[in-house]
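[1] for reference, the sequence and a predicted model appear below.
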Amino acid sequence: MLYMNPKDIPDHIFRGYDLRGVCGVDLNEEILELLGKGYATYLAQRRIKDCVVGMDNRLTSETYKNAFIKGLRSCGINVIDFNLGLAQIMYFAQYLYRTKGGAFITASHNPANYNGMKLAVGFSQTMIFEEIQELKTITKSGDYALSNKEGTYKSVDIFQTYVEDIISRVQVGKKFKIVVDASNTASGLFMPQIFRKVGCEVIEQNCNLDGNFPNGTPDPTEVKIQERLAKRVVEEKADLGFSYDADGDRIGVVDEKGNLIWNDTLVSIFAIDVLDYLPGSKIIFNTLCSKQVAEVIKIHKGIPIIWRTGHSFIKEKVAEERSPFGGELSGHFFFVDNFYGHDDGAFSSLRLLSYLERVSKPLSEVVSELPKYISSPEIKVGCTDDSVKVRIVKNIAKIFKADFPNAQITDDSIIPGDDGVRADFDDGMIIFRYSQNGPYITVKFEAKDEKTFEERRKYVHQLLKRFPEMIWEGSNSVNLDFVK
């Protein structure tokens, strides 16, 4: 029985392209049930009767999933529960069961005390800001779809069906030796099985499931995760290593020499792979990516399109531009040439293996042939959530433009709705943006030489230090060594 007034649901859990909050503070079973009712109403308004549901392995995920399902069924929505899984299995389940309804309980790469969900609005498509605001209005109104019959419930296991589908789309004949580090998430259960299915030799590291995430926040862009992966790759003399987030739709990669490969470099490699077959195509990438990406796309006869950060926004832009591929620095990759267009960490991993086999080169050699930039990783500096981080980035933008009057500036006057400011120079770039799904500000910078890189590092550090609201310690801060 619900006692909570829907109007009391915290506004800030409704973010730019996901729902996220702190467990026991922003989220509880009652709120999840109300969200289930709200999403059920959203589906019912579109005459959608069925919804696939799954979850990651966070400590609260099963409880939250069950509460959300209760809300769905109370409003007459039929539920197909694939239980513990990956976000991409939700997308696949939509096709398998022919429904636009889909929900996955996860907080992706957020710390263990967070949870949330991704909600589908169509096949391979998840909610963006406007749709999430619509969901908020519905949920907080308390005016839910009425049904004189409770929705049905079915529990299914579709993992093997999913695996058969993705491996039918990628040719991997070489027996690669790889290391998988899953940071104790559900990815550790599923990814090794997929690699072994295509004949790879797999060394597992932190693949045992533990929702406490004892080895740290599962963020494959974090240097310390990539460094421990790299160490194992070198020790095992492996061909490369992969790391994953909690819902498996993002990846991190290190090469056979233990070099950390930032994901914008992977965007470049995947763009080459696609453009080899489809020259002249539009390739979409987000504002956090290196200048290298646009250069590579042009060299290989493609059309670069820079766009707003966020998996839902990039995915939407890929569809709008009829692009065969788009990618993000965070490790979300969207293939449309022979795939569904949603982000799938397993499929992206197999595509990389397939490309390396096709060109008969190790990853280090492929990377060495790309335009060179000295680049920071994706840096996350903690900041009070919501209006404070927005205000700080807007203030940074004013300072930024004054300090670099000759730079090419990309902000919301160039990309509508963008949440940051980027300055491009002939020899690199600097970008600041506020996160849509967590209390932090994201930073990246690069240069062609060490001296300029160090100057930009100092500039970024000094600029951030002007704002006392920045939080320099805590689980939401990542890769801070690059700006200290």
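    Sure, I can see it. Numbers count the residues shown, from 1 in each chain.

[2] tell me the contacts of Asp143?
    Each residue near Asp143 by CB atoms under 8 Å, 6 or more residues apart in numbering is listed here: Thr41. Placement of C-beta: from N, CA and C, glycine included.

[3] helix, strand or coil for it?
    coil (DSSP: H, G, I helix; E, B strand; the rest coil).

[4] how close does it sit to Lys37?
    Plainly put, Asp143 is 10 Å away from Lys37 if you go by CB to CB, to the nearest Å.

[5] check His12 too.
    As it turns out, when the distance is counted by CB to CB, His12 lies 20 Å from Lys37.

[6] those two: who's more crowded?
    Each of His12 and Lys37 has its neighbours counted (other CB atoms under 10 Å); Lys37 has more, 26 against 13.

[7] moving C-terminal of the strand or helix carrying Asn115, what's the next helix or strand?
    For Asn115, the enclosing helix or strand under DSSP states H and E is strand 114-122. Sequence-wise, the next helix or strand downstream of strand 114-122 (DSSP H and E) is strand 125-126.

[8] that following strand pairs with which strands, and in what direction?
    When sheet partners are counted by DSSP bridges, strand 125-126 sits next to strand 114-122 (antiparallel).

[9] buried residues in the strand it pairs with?
    For strand 114-122, the buried set under the neighbour-count rule, 16 or more other CB atoms under 10 Å, comprises 114-121.

[10] returning to that earlier point: off-centre distance for the strand holding Asn115?
    Centroid separation between strand 114-122 and its chain, computed with CA atoms, centre = their mean, to the nearest Å, is 12 Å.

[11] send the alpha carbons of that strand over as PDB?
    Taking C-alpha atoms only, strand 114-122 is exported to PDB below (Å, rounded to 0.1, in the frame of the first residue of the first chain):
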ATOM      1  CA  TYR A 114      23.200   5.300  -6.400                       C
ATOM      2  CA  ASN A 115      20.500   3.600  -8.500                       C
ATOM      3  CA  GLY A 116      18.100   4.600 -11.200                       C
ATOM      4  CA  MET A 117      16.700   3.500 -14.600                       C
ATOM      5  CA  LYS A 118      16.800   3.800 -18.300                       C
ATOM      6  CA  LEU A 119      13.400   4.000 -19.900                       C
ATOM      7  CA  ALA A 120      12.600   3.200 -23.600                       C
ATOM      8  CA  VAL A 121      10.500   5.300 -25.900                       C
ATOM      9  CA  GLY A 122      10.800   3.100 -28.900                       C
END
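
[12] pLDDT weak spots in the stretch 1-150 of the chain?
    Per-residue confidence for the stretch 1-150 of the chain (pLDDT under 70) gives these ranges: 1.

[13] which parts of it are strands?
    Along the stretch 1-150 of the chain, the segments classed as strands by DSSP state E, counting those that start in this stretch run 19-22, 50-55, 78-84, 101-105, 114-122, 125-126.

[14] then the stretch 201-350 of the chain?
    Using DSSP E, counting those that start in this stretch, the strands assigned to the stretch 201-350 of the chain run over residues 201-205, 240-244, 251-254, 260-261, 282-286, 303-307, 325-327, 333-335.

[15] quick one: those strands as CSV, columns for distance to Val421 and mean neighbour count too.
    CSV is the format used below for those (distance: least, CB to CB, whole Å; neighbours: other CB atoms under 10 Å):
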stretch, distance to Val421, mean neighbour count
strand 201-205, 38, 17
strand 240-244, 29, 29
strand 251-254, 26, 27
strand 260-261, 26, 20
strand 282-286, 14, 26
strand 303-307, 13, 18
strand 325-327, 21, 29
strand 333-335, 25, 26
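
[16] relative to Ile415, which of these is closest?
    Ranking those by distance to Ile415, with CB to CB as the measure, places strand 303-307 first at 6.3 Å.

[17] what angle separates the closest one from strand 282-286?
    Counting by axes from the mean of the first three to the mean of the last three CA atoms, to 10 degrees, strand 303-307 points 30 degrees away from the direction of strand 282-286.

[18] show me how far strand 303-307 is from its chain's centre.
    19 Å.

[19] what's next to that strand, contact-wise?
    By CB under 8 Å, 6+ apart, the residues outside strand 303-307 that reach it are 280-287, 289, 293-294, 297-298, 313-314, 317, 321, 323, 326, 410, 415.

[20] just to revisit the earlier point, quick one: which of the strands of the stretch 201-350 of the chain is nearest Val170?
    Minimum separation from Val170 across these (CB to CB) falls at strand 333-335, 9.7 Å.

[21] elements contacting the closest one?
    Packing partners of strand 333-335 (3 or more CB pairs under 8 Å, 6 or more residues apart in numbering; DSSP states H and E): helix 263-277, helix 311-320, strand 325-327, helix 345-359.

[22] residues near Lys175, how many?
    By the criterion of other CB under 10 Å, Lys175 has 10 neighbours.

[23] give the contact list for the residue nearest to it when sequence neighbours are not counted.
    The shortest distance from Lys175 to any residue other than its chain neighbours is 5.1 Å, reached at Gly199 (CB to CB, 6 or more residues apart in numbering). Neighbour list for Gly199: 172-175 [criterion: CB under 8 Å, 6+ apart].

[24] in CSV: these, plus pLDDT.
    Output for the contacts of Gly199, formatted as CSV (pLDDT from 0 to 100):
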residue, pLDDT
Val172, 97
Gly173, 95
Lys174, 96
Lys175, 97
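
[25] any of those buried? List them.
    Burial by neighbour count, 16+ other CB under 10 Å: within the contacts of Gly199 this picks out 172, 174.

[26] many thanks, we can stop here.
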